[in-house]
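Trainee: Got a predicted structure here, sequence first:
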Amino acid sequence: GQQVMQIPQYQHVQEGEDFTTYCNSSTTLSNIQWYKQRPGGHPVFLIQLVKSGEVKKQKRLTFQFGEAKKNSSLHITATQTTDVGTYFCAVSGSARQLTFGSGTQLTVLP
Amino acid sequence: KAGVTQTPRYLIKTRGQQVTLSCSPISGHRSVSWYQQTPGQGLQFLFEYFSETQRNKGNFPGRFSGRQFSNSRSEMNVSTLELGDSALYLCASSAAANYEQYFGPGTRLTVT
């Protein structure tokens, strides 16, 4: 199935600092999805990117899909304690199943 | 719209036993996927059902099986439990397999 590398694995930031997580694939992706999982919770869908070079914003979150559709990033501006959790990217291959990245665990220090 | 529900929420079993987990998808969703989540392996795809048919299967042994009923509710079964099967089992429903997934709260399985 599809393989996707997600970095970094962990990120500690001071509240108010920015945060970015990256997903990289060796193959061209048809689309990419991003999820957030709060501690003790379950993954919650954030967004799906489909087009090459696509940029979408949700308040302080900015999602980008690379021009070659092989990478994506999630950037959070001015983190807040409510941003704590693990952020996953997920990609689908020809088998129509979703493969999740290993996730980036974000800790926000007050 | 009610969300995805999973039962039971917590389960403790002994090695060698079997377990059945249940998932009720969002009304109207015909695709149900199951995932295993562990600290070491992350979120791993088990299988996906659509209209009572298994369409995709992840790289898990045959001890892991599932089914889907005509009302889209799904069950997964793990036979001959091993210690390594201890995990959070998540069910997700969607309109189609690679559309946005709506996850349930999960079943925390502990095998002793």
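Mentor: Happy to help now that I have it. Numbers count the residues shown, from 1 in each chain, chains lettered A, B, ... in the order given.
Trainee: C-alpha from now on. contacts and neighbour counts both.
Mentor: Fine.
Trainee: tell me the SS of the closest residue to B:Ile12 other than its chain neighbours?
Mentor: Using Cα to Cα, 6 or more residues apart in numbering or on different chains and skipping residues adjacent in sequence, the residue nearest B:Ile12 is B:Thr110, 4.8 Å away. Counting by DSSP: H, G, I helix; E, B strand; the rest coil, the backbone at B:Thr110 sits in strand.
Trainee: how near is B:Thr110 to chain A?
Mentor: 16 Å (Cα to the nearest Cα, to the nearest Å).
Trainee: low-scoring pLDDT stretches of chain A, where are they?
Mentor: A:1-2, A:93-96 (pLDDT under 70).
Trainee: Over to residue 17: give its phi and psi.
Mentor: Went with chain A since none was named. phi -80, psi 160 (degrees, to the nearest 10).
Trainee: you looked at the wrong chain, it should be chain B
Mentor: According to degrees, to the nearest 10, B:Gln17 has phi -80, psi 170.
Trainee: can you check B:Tyr89 too?
Mentor: Backbone torsions of B:Tyr89, given as degrees, to the nearest 10, read phi -100, psi 120.
Trainee: thought the residue nearest to B:Ile12 was touching B:Gln17?
Mentor: No: contact criterion Cα atoms under 8 Å: B:Thr110 and B:Gln17 do not qualify, at 11.7 Å.
Trainee: Leaving out chain neighbours, which residue sits closest to the residue most central in space within chain B?
Mentor: The residue lying closest to the centre of chain B (Cα atoms, centre = their mean) is B:Trp34, at 3.4 Å. Of all residues not flanking B:Trp34 in the chain, B:Cys91 sits nearest, at 4.5 Å (Cα to Cα, 6+ apart).
Trainee: about what we covered before: in terms of secondary structure, what does the helix or strand where the residue nearest to the centre of chain B lies contact?
Mentor: Secondary structure from DSSP states H and E places B:Trp34 in strand B:31-38. Judged by 3 or more Cα pairs under 8 Å, 6 or more residues apart in numbering or on different chains; DSSP states H and E, strand B:31-38 is in contact with strand B:42-50, strand B:87-94.
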